[in-house]
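J.: Need a 3D model of the following:
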Amino acid sequence: ELREIKTFHWIFEFPEVFLRENPGFDVVIGNPPYVRQENIDNIVEEVDYKGVLSKLYDPFNSVFDFSIFFILRSIQITNKKGYHSFIITNKWLRAEYGQKIRKFLKENFNIKKVIDFGKTKVFMGATVDAMIYVIQKQKPNMENKILYSSPSRIDEIEENIIFVDQNRLNNEGWTFSDEKVLALREKIEEIGKPLKEWDVKIYYGIKTSLNEAFILTTEKRDEILSNCKTEEERKRTEDIMKPILRGRDIKRYYYKWAGLWVIGTFPALHININDYPALKAYLQDFGNKLNQDGKPGHRKKTSNKWFETQDSIAYYSEFEKEKIVWQRVAQEPKFTIAPSGLFCEATTHFITGPNLKYLLAIFNSKMFKFAFYKFYMGGGIEGEIKGNFIGRFPVPPITSQNQHMAKELGDLVNKILTLTKDSDHLENPDKQERIKKYERQIDQIVYRLYGLTEDEIPIIEEANR
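T.: Got it, this is the predicted structure:
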């Protein structure tokens, strides 16, 4: 009966392996396919494939990519004390969706070796970064050390090896570093409080799903307004066109507005497009591309109307506050403060709440660059500072003991922001030197806030060179 249901069954094909006292293979190796989680249900038409997987595997997460299920299946067919190894995407090492599989492997298996190739290309044309791991199907002991290598070339796998205590891996994201660096992480987390636990709000920039329609130049905005038939229509239309920043417009301690505007037809506003005839006529020129039905050439499927932005943007009122904004993908942190009324799009994130100057100083510091990229950046795009990632970052609470340092940071940030408002600050050597001096002072104060020693500071300074 099973032969009729299955095209392949391990017990039938390898009875000598599975019908014995210690069933399973001694070694299982492979190179599983990488299929993004949103494409899994398309593997077999008209089948709830994720529903099937949820019944077969534990742990299960609906956002596991397909390769994670290959890991779990391979472990199932490995015998006790057997070995399993894959060359696989490295995203799950740090990405939020990989937390369950990291916890499962750390608590149940001896992790012997991890070789993380990072940006070193292993396969021609590959779209994901690769790694190799080796695990033994055996409960780990407290002393197990993982051989770790991150080669810059394929032929350098055996160079720059370090050994990492398995029990010191953090389930929020695996960091493979020497004892000094891991101890530094522990100190940072002991002194700081995760930003998500502060009295702040962290938001994504506006996703329109078709920027060519919803992001306007000043000239196009003025043209639409000039086509309004009445003063009332013009006023209504002007009110939902908001100045907007893109990620590329945000620099370190300043921004350059490019004269762009977003059409703020946020679903949360429940706008009647017929109240905006000139705007409606403009949007209709984009035809079916604005439809949110998921069809080829259209926007992704949502319950929103054709003239609305992709996301609900229920937090639109937060843009009317002063905020910290930053470029979401950058090789070094680029944070600044934007005034109330200035909106930002999907290549940015922003924070509202108290103590913005204090937080801005920390986010632009060497300390943040080292610790965030080393410990808290999730899998995915290199250098990506997502809102949920920065929410993990430990920031020292302001107390009566360190309040004077918080004030010093705020004063220094004000001095830098004053300088960067000048249009010539990039070309003026004197202003550049003053900015650098203030930034060096900020770095030293931040080191003191975290209680770093003379032995720990060089670790951060070296990483920032």
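J.: OK, contacts around Gln327?
T.: By C-beta atoms under 8 Å, 6 or more residues apart in numbering, the residues touching Gln327 are 247-248, 250, 334, 347-348, 385. Glycine gets a C-beta too; all of them are placed from N, C-alpha and C.
J.: Thr347 versus that one, what's the distance?
T.: 7 Å (C-beta to C-beta, to the nearest Å).
J.: Pull up the overlap in contacts between the two.
T.: Residues touching both Gln327 and Thr347 (C-beta under 8 Å, 6+ apart): 247-248.
J.: What about the contacts of Gln327, which are in strands?
T.: Cross-referencing the contacts of Gln327 against strands under DSSP state E gives Thr348.
J.: of the contacts of Gln327, buried ones?
T.: When the contacts of Gln327 are checked for burial by 16 or more other C-beta atoms under 10 Å, the buried set is 247, 250, 334, 347-348, 385.
J.: Low-confidence stretches in the stretch 251-400 of the chain?
T.: 379-382 (pLDDT under 70).
J.: Any buried residues in the longest helix along the chain, and which?
T.: For the chain, the longest helix by residue count, based on DSSP state H, is helix 429-449. By 16+ other C-beta under 10 Å, the buried positions in helix 429-449 come out as 431, 435, 438-439, 441-443, 445-447, 449.
J.: got a list of contacts for it?
T.: Contact with helix 429-449 is made by 191, 253, 361-362, 364-368, 396, 402, 405, 408-409, 412-413, 415-416, 419-420, 422, 424-426, 457, 460, as judged by C-beta under 8 Å, 6+ apart.
J.: from the residues you listed, which would you call buried?
T.: By 16+ other C-beta under 10 Å, the contacts of helix 429-449 give 191, 253, 361-362, 364-368, 396, 402, 405, 408-409, 412-413, 416, 419-420, 425, 457, 460 as buried.
J.: tell me which of the buried residues of helix 429-449 is nearest to Trp92?
T.: Distance to Trp92 across the buried residues of helix 429-449 (C-beta to C-beta) is lowest for Val446, with 31.5 Å.
J.: Cross-reference the contacts of helix 429-449 with the strands and report the matches.
T.: Among the contacts of helix 429-449, no member falls in strands (DSSP E).
J.: need the contacts of Gln327 in a markdown table with distance to Pro59, can you?
T.: Converted to a markdown table, the contacts of Gln327 look like this (distance: C-beta to C-beta, whole Å):
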| residue | distance to Pro59 |
| --- | --- |
| Gly247 | 34 |
| Arg248 | 39 |
| Ile250 | 38 |
| Lys334 | 37 |
| Thr347 | 33 |
| Thr348 | 33 |
| Ile385 | 28 |
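J.: In a helix, Tyr133, correct?
T.: No - using DSSP: H, G, I helix; E, B strand; the rest coil, the assignment for Tyr133 is strand, not a helix.
J.: And it, how far from Lys112?
T.: Distance check for Tyr133 against Lys112: by C-beta to C-beta, it reads 8 Å.
J.: more crowded one of these two?
T.: Just comparing Tyr133 and Lys112: by other C-beta atoms under 10 Å the higher neighbour count belongs to Tyr133, 20 against 17.
J.: any idea which residue sits dead centre in this structure?
T.: Nearest residue to the geometric centre of the chain (C-alpha atoms, centre = their mean): Lys386, 3.7 Å.
J.: Hmm, it is touching Arg328, no?
T.: Yes - here Lys386 reaches Arg328: they are 6.8 Å apart, a contact under C-beta atoms under 8 Å.
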